[in-house]
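[1] here's a sequence, model it:
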Amino acid sequence: MPLPLPRHQRAHGRAELGFARTERGTVLRHLFHAAPLRVLFPTPEPDDLPLAALVNVGGGLAGGDSLEIEASLAAGGGASLTTPAAEKVYRSLEEPTRLSTLLDVAEGATLEWLPQETILFDGARLERRMQARLAPGARLLAAEMLVFGRVARGERLGHGALFDSWRLWRGGRLHWADATDLSGDIAARLAAPFGFAGAEASALLLLAASEEEASAGRELLREEGHEATLARPGLLLARFLGPA
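    Residues are numbered from 1 along each chain as shown. Coordinates of the predicted model:
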């Protein structure tokens, strides 16, 4: 009698980071990480913000896995969060993979959230939720990228599910909300000319800053041949669809 296949051991990783401003600049005041999440601190360039790299040492995520990230930045500080490699979300037969991020940015602080892309294998089921809480004078630059399948080997995302939610608060009030729900006949929705128009990847660029900075960011994008929306005063949004 054949032995039953081993069940996937679910991974529940967590990372917490707290930065503060001192006379020496921005320093790390709080750090907690639990496998498979690890936080590394590469040496930044002299003029760059302090850098933290979030590493999934498991190499990818499957159904039932979850990662939770919380980062806070005290008044006047500056930091950049990234990942050293793309996150891979494998095929799931039942439960989704869950990713949850909470960013808390105090008055006069600047935070960059610039991870590498997330690759959705065919059959992946992903729930991703981002919450950002900004003080009235805080700044956030964020970018998220999704790749629909392992394009390099000719695989396209044809079935599975994606729910991708954003909530941005400014001064304790909801400033912007957005969600993408991609399920059902995913291949048809990705191919639809008034949907994703056959794109292999998508990306969101967000800048929450002063009205002057958001307007200047829009002009910079226009100089490169791209358009962006000023969804609210001080809030710039740009979306990209195209090849992976």
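[2] report the longest helix in the protein, please.
    helix 211-223 (DSSP state H).
[3] buried sites along that one?
    By 16 or more other Cβ atoms under 10 Å, the buried positions in helix 211-223 come out as Ala214, Gly217, Arg218. For every residue, glycine as well, the C-beta is placed using N, CA and C.
[4] so what sits opposite the spatially most central residue of the chain in the bridge?
    By Cα atoms, centre = their mean, the chain has its centre lying nearest to Glu144, at 4.4 Å. Going by DSSP bridges, Glu144 is paired in beta bridges with Leu204.
[5] can you tell me which helix or strand of this protein has the lowest average pLDDT?
    helix 186-191 (a mean of 93; mean pLDDT, DSSP states H and E).
[6] point out where this structure drops to low pLDDT.
    By pLDDT under 70, the weakly predicted segments of the chain are 1-8.
[7] ok, now with 50
    Where the chain drops to pLDDT under 50, the residues are 5.
[8] how far does the least confident helix or strand of the chain sit from its chain's centre?
    23 Å (Cα atoms, centre = their mean, to the nearest Å).
[9] begin at 57 from now on, thanks
    Shifting the count to begin at 57 puts that one at helix 242-247.
[10] one step back: including distance to His86, could the buried residues of helix 267-279 go into CSV?
    Below are the buried residues of helix 267-279 laid out as CSV (distance: Cβ to Cβ, whole Å):
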residue, distance to His86
Ala270, 30
Gly273, 31
Arg274, 35
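[11] now, which of these sits nearest Glu173?
    Gly273 (21.3 Å; Cβ to Cβ).
[12] pretty sure the closest one contacts Glu283?
    No. Counting by Cβ atoms under 8 Å, Gly273 does not reach Glu283; the two are 12.0 Å apart.
[13] hang on, the earlier thing: show me what the longest helix of the chain packs onto, helices and strands only.
    strand 257-264, strand 285-288, strand 291-298 (3 or more Cβ pairs under 8 Å, 6 or more residues apart in numbering; DSSP states H and E).
[14] so how far is the helix or strand where Arg85 lies off the chain centroid?
    Using DSSP states H and E, Arg85 maps to strand 81-90. Chain-centre distance of strand 81-90: 20 Å, with Cα atoms, centre = their mean.
[15] next one: stretch 266-275
    Mean-position distance between stretch 266-275 and its chain equals 22 Å (Cα atoms, centre = their mean).
[16] same question for stretch 73-91.
    On the basis of Cα atoms, centre = their mean, stretch 73-91 sits 20 Å off its chain's mean C-alpha point.
[17] flag every buried residue along the least confident helix or strand of the chain.
    Result for helix 242-247 [16+ other Cβ under 10 Å]: buried residues Ile242, Leu246.
[18] what's in contact with it?
    204, 212-218, 238, 251-255 (Cβ atoms under 8 Å, 6 or more residues apart in numbering).
[19] picking that back up, given the strand holding Arg85, what are its sheet partners and their directions?
    Strand 81-90 is paired, per DSSP bridges, with strand 68-78 (antiparallel).
[20] which residues touch the partner strand?
    Here strand 68-78 has contacts from 82-95, 106, 108, 110, 112, 114, 121-133, 135, 137, 165, using Cβ under 8 Å, 6+ apart.
[21] neighbours of Phe204, just the number please.
    Around Phe204 there are 27 other residues, counting by other Cβ atoms under 10 Å.
[22] any idea what it is bridged to?
    Leu176.
[23] do the same with Ile125
    Ala71, Thr157.
[24] for it, give me its contacts.
    Arg70, Ala71, Glu72, Leu93, Leu110, Ser156, Thr157, Leu158.
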